[in-house]
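Novice: Provide a 3D model corresponding to the input given below.
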Amino acid sequence: MKKAKQTGNRGDTATLLTHWQEAVPNDRLAHLVKDVSRAFVRALQMRLTQNGVSFGHWAFLRILWETDGLTQRELSDQAGVMEPTTFAAIKAMEKQGYVMRVRRPENKRKVYIHLTPKGRLLKSKLVPLAEEVNNIGIRGIKGADVATTRVTLLAILENLARDEMESATTSRRIPMSPRLPNDQSKAGLRGRNA
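Specialist: Take a look at the predicted model:
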C-alpha cells in the first residue's frame, strides 16, 4: 500500500493511515473502526462546509428529510444526542432558515420541528456529497469485499447490541447513554440514523 503524505495536522486522515500502517498495524478492530469513521466524517465535513452547512446539523437534517415534524425530544432520541444539543442546533438551523418550530393546538407543550422549503432543498444538494464520500471510501475495493465488510460490521454490531441487552440483566450495568434512547437500548439498535 502506498504511504500517504503527511500534512502535519495532528489527527488528519493521512496521519491516521500512517499510524495504522506503521505504528499499530494489528491494533484492536474497535480502534480501526473508530478511525475509519473519523475519516468518513472528515471527508463529509469538508464537503458540507463548502456548502455552508455545519456537520453538526447533518444528522438532524437527515432525520427530518425522512420524518419531518418530530418533537424536539424525538429528534434528540433519533440523533442520539442530548436535548440541549438538539435545542442549540435547531435554534441555529432556524436562523439559517432550514427549520421552523411549531406548537400544535392539541398540545402546546410540545414543540415540533419542521423543515422549511429551503431545508428540504438541501437534501438534493447534500445527499450526493455523502454518497460521494462513501464511493471514495470504497474506491478500488471489489463489490464482494464491500458486501462482506457490510455483513461483518452488521454482525459485530448485532453481537455488541446483544451483549448490551444481556448486560442489563446481569451485574454489569450500563448507564443510560444519551446516544441510545431507552426504546433502542431495549430493542436493539433498530432505526438508528447515523
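Novice: tell me which strands and helices the helix or strand harbouring residue 147 is in contact with?
Specialist: Using DSSP states H and E, residue 147 sits in helix 143-167. With contacts taken as 3 or more CB pairs under 8 Å, 6 or more residues apart in numbering; DSSP states H and E, helix 143-167 sits against helix 182-186. For every residue, glycine as well, the C-beta is placed using N, CA and C.
Novice: 10 Å - rerun?
Specialist: helix 29-50, helix 182-186 (3 or more CB pairs under 10 Å, 6 or more residues apart in numbering; DSSP states H and E).
Novice: Comparing those, which yields the minimum mean pLDDT?
Specialist: Per-stretch mean pLDDT for the helices and strands packed on helix 143-167 is lowest at helix 182-186 (a mean of 43).
Novice: quick one on the thing from earlier: just put the helices and strands packed on helix 143-167 in TSV and tack on distance to residue 109 and mean neighbour count.
Specialist: Putting the helices and strands packed on helix 143-167 into TSV (distance: least, CB to CB, whole Å; neighbours: other CB atoms under 10 Å) gives the following:
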stretch	distance to residue 109	mean neighbour count
helix 29-50	33	14
helix 182-186	20	13
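Novice: which one of the ones you listed lies closest to residue 128?
Specialist: helix 29-50 (9.4 Å; CB to CB).
Novice: next structured bit after the longest strand belonging to the chain?
Specialist: Counting residues, the longest strand found in the chain (DSSP state E) is strand 107-115. Using DSSP H and E, the helix or strand that directly follows strand 107-115 along the chain is helix 117-137.
Novice: Give the buried residues for that next one.
Specialist: Buried positions in helix 117-137, judged by neighbour count with 16 or more other CB atoms under 10 Å: 119, 122, 126, 129-130, 133.
Novice: again, but for stretch 60-80
Specialist: Applying 16+ other CB under 10 Å to stretch 60-80 flags 60-65, 70-72, 74-80 as buried.
Novice: And those residues, which is closest to residue 161?
Specialist: residue 80 (13.9 Å).
Novice: Let me know the pLDDT of that closest one.
Specialist: pLDDT, read off for residue 80, is 89.
Novice: Backbone dihedrals for it, please?
Specialist: Dihedral pair for residue 80: phi 80, psi 30, per degrees, to the nearest 10.
Novice: Thank you, goodbye.
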